[in-house]
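# from the sequence below, what's the structure:
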Amino acid sequence: MPRDKQRNNSDDEKVSILVVDDRADKCLSYEVMLAHLNQNVVCARSGKEALRHLLQRDFAAILLDVNMPGMDGFETAALIRQRKNSETTPIIFVSAVNDTLSHISRGYSLGAVDYILTPVVPDILRAKIAVFVDLFKKTEQIRRQAEERANLIREQVAAEQARAEAERASAAKDRFLAMLSHELRTPLTPVLASVLSLEHENDIPENVRESLQLIRRNVELEARLIDDLLDLTRISRGKVQLSFEIVDAHTLLRNALEICQLEIEQKKLELRTDFVADKVRLQADPARLQQIFWNLIKNAVKFTPNGGKLSIRTANNDGQFRVEVEDSGCGIDGDVLARVFYPFEQGGRSDLGGLGLGLAISKSLVEAHQGAITVESRGRNQGAKFATVFPTCESSVAPQSADAPRPNSARKSFRLLLVEDHEDTNRSLTRMLRRRGYEVHPAFDIRSALDLSATLQFDVLVSDIGLPDGSGTELLRMLRSKRQIFGIALSGYGMEEDIRRSRDVGFSHHLVKPVDLNKLDLLIQQAPLGDVATVSFPAETA
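Predicted coordinates for the structure are as follows:
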């Protein structure tokens, strides 16, 4: 049995006392004498047997007869002292011989703590042993406390190391996601800007214009999906940033349905729509609300087999706008129903693709709009119905248009320094901003931007954060050392820390790519008029 298993765990437990004597009657008499102590008395009939007991457990004291055949008490004591775990165990020699002082001194030299001559007085023996029992218990208590303290320290150190490792892993994940997000977002800006430019050409056929609008809506939605899917930390904390405005919920619902129309037709689904709600004005983020609708419709299409049914209904209940998306698909088992809004939950249907994030994201977005989302299903192959409700807006203000504002007398004309190293993004933004009445001077790095600022005075700096020869924050500091300039940062990085850093160095706004041209234009118009007179010129023609 392991030694630590034999250690006593509390003061109330018995400790062990080893009695070593070759005579059975004497062992029995010692047991009787020590019985009043209520401890565990172990008898050994020889030195070898005593050593075997010491290998198995610890003892509070050893009562050792000096005169034994074979290995006597002195030899046994010498071997006991050679073992690490018993080198300090108290030994009381018992002897009937009182021949010389040298005989007694030999016992003390071997580590004895006492020397008793027979006949043994029971009360004296009990008193001596009781002292060592009490000492052993106190020592064990201190040892246990020390071990508990050491274990606690080890646990704290391990927990701290685990926390530090988790923080390092989280930081590495955030850096990776931020970089991936940047690389995915950046190419979308020129696509979106070019589509917007073509969409507002006067001679574009209507069917082409509708296709361009479809492309634009999908690019905008893709940007939102990238933002949500890659920034899981923000979603899990409920820190979803929304840009509220008055919207027409039916318009956004139809837009989401249009995105899924091709797949609905490919699966030959029987689609039924019943948009009977008459109060459809909501205070909402249009892209996020359309994302919610798209997620629900996409989910229904995904889990409905070919030839199935899909129903989308709206209604007003108790002053709220309600949307129901019902399908005749594979349904949801009862044990999965409670987890359907958990991240990565796919109800055992991962073979249909996706990451299982759509419904979890939708729930977060619905709740961020002060709404609620529910799900019903009668079980496997019985279809499912998702319902969302949102508070309606009583405002008579018309929903904002996605059309680009046209230059007019109320608009301010500014001279812009646009710094963007992505060539397609630079070219498309330059063209679109010129169409909106601005004098735009493009640059691709800090050096070319400083060369332009040496000969021209700019009112607004629109700059990417990451540039080949530095950062947009460095450029803003350099320009502001000469004169005040209104700064708008553009970046594929949209984490809270990225936004805070750009604000700290003086950028008034931080836009995440792909850039919303309408929002960028609105922010530019908020720039204060400086001491330098702004230019006035006609908008660039297509």
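# got a list of contacts for stretch 85-101?
Outside stretch 85-101, the residues within contact range by C-beta atoms under 8 Å, 6 or more residues apart in numbering are 3, 21, 54, 58-67, 73, 77, 80-81, 103, 107, 110-118, 120, 128-129, 132, 135. (Glycine included, C-beta is placed from N, CA and C.)
# so which residues of the stretch 151-300 of the chain form helices?
Using DSSP state H, counting those that start in this stretch, the helices found in the stretch 151-300 of the chain span residues 188-199, 206-230, 232-236, 249-266, 286-302.
# could you say which of those helices is packed most deeply?
Burial of these is given as mean neighbour count (mean count of other C-beta atoms under 10 Å); helix 286-302 ranks first at a mean of 23.
# what helix or strand does residue 139 sit in?
Following DSSP states H and E, one finds residue 139 within helix 122-185.
# report the inter-axis angle for that helix versus helix 206-230.
For helix 122-185 against helix 206-230, the angle between stretch directions is 160 degrees (axes from the mean of the first three to the mean of the last three C-alpha atoms, to 10 degrees).
# any idea of the mean pLDDT for helix 122-185?
The average of the pLDDT scores along helix 122-185 is 84.
# starting at the chain centroid, how far to it?
25 Å (C-alpha atoms, centre = their mean, to the nearest Å).
# inside strands: which ones of the contacts of stretch 85-101?
Mapping these onto strands (DSSP state E) picks out 61-65, 112-117.
# looking at the helices of the stretch 151-300 of the chain, which one has the lowest mean pLDDT?
The weakest mean pLDDT among the helices of the stretch 151-300 of the chain belongs to helix 232-236, with a mean of 61.
# wait, what's in contact with residue 321?
Contacts of residue 321 (C-beta under 8 Å, 6+ apart): 249, 277, 279-280, 282, 314, 389-392.
# between all of these, which two are separated the most?
314 and 391 (14.6 Å; C-beta to C-beta).
# which one of the contacts of residue 321 sits closest to residue 256?
Nearest member of the contacts of residue 321 to residue 256, counting by C-beta to C-beta, is residue 249, at 10.4 Å.
# out of the helices of the stretch 151-300 of the chain, which comes closest to residue 506?
helix 188-199 (23.0 Å).
# about what we covered before: what subset of the contacts of residue 321 is buried?
249, 277, 280, 282, 314, 389-390, 392 (16 or more other C-beta atoms under 10 Å).
# could you export these as JSON lines, including distance to residue 368?
Shown next, in JSON lines, are those (distance: C-beta to C-beta, whole Å):
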{"residue": "249", "distance to residue 368": "16"}
{"residue": "277", "distance to residue 368": "21"}
{"residue": "280", "distance to residue 368": "19"}
{"residue": "282", "distance to residue 368": "13"}
{"residue": "314", "distance to residue 368": "20"}
{"residue": "389", "distance to residue 368": "14"}
{"residue": "390", "distance to residue 368": "11"}
{"residue": "392", "distance to residue 368": "17"}
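# and which of the residues you listed is nearest residue 167?
Among the buried ones among the contacts of residue 321, residue 390 lies closest to residue 167 (C-beta to C-beta), at 37.5 Å.
# partner strands of the helix or strand hosting that closest one, parallel or antiparallel?
Using DSSP H and E, residue 390 falls within strand 384-391. Partner strands and pairing direction for strand 384-391 (DSSP bridges) are strand 320-327 (antiparallel), strand 372-376 (antiparallel).
# give me the contact list for the last one.
In this case it means strand 372-376. 332, 337, 340-341, 362-363, 366-367, 384-389.
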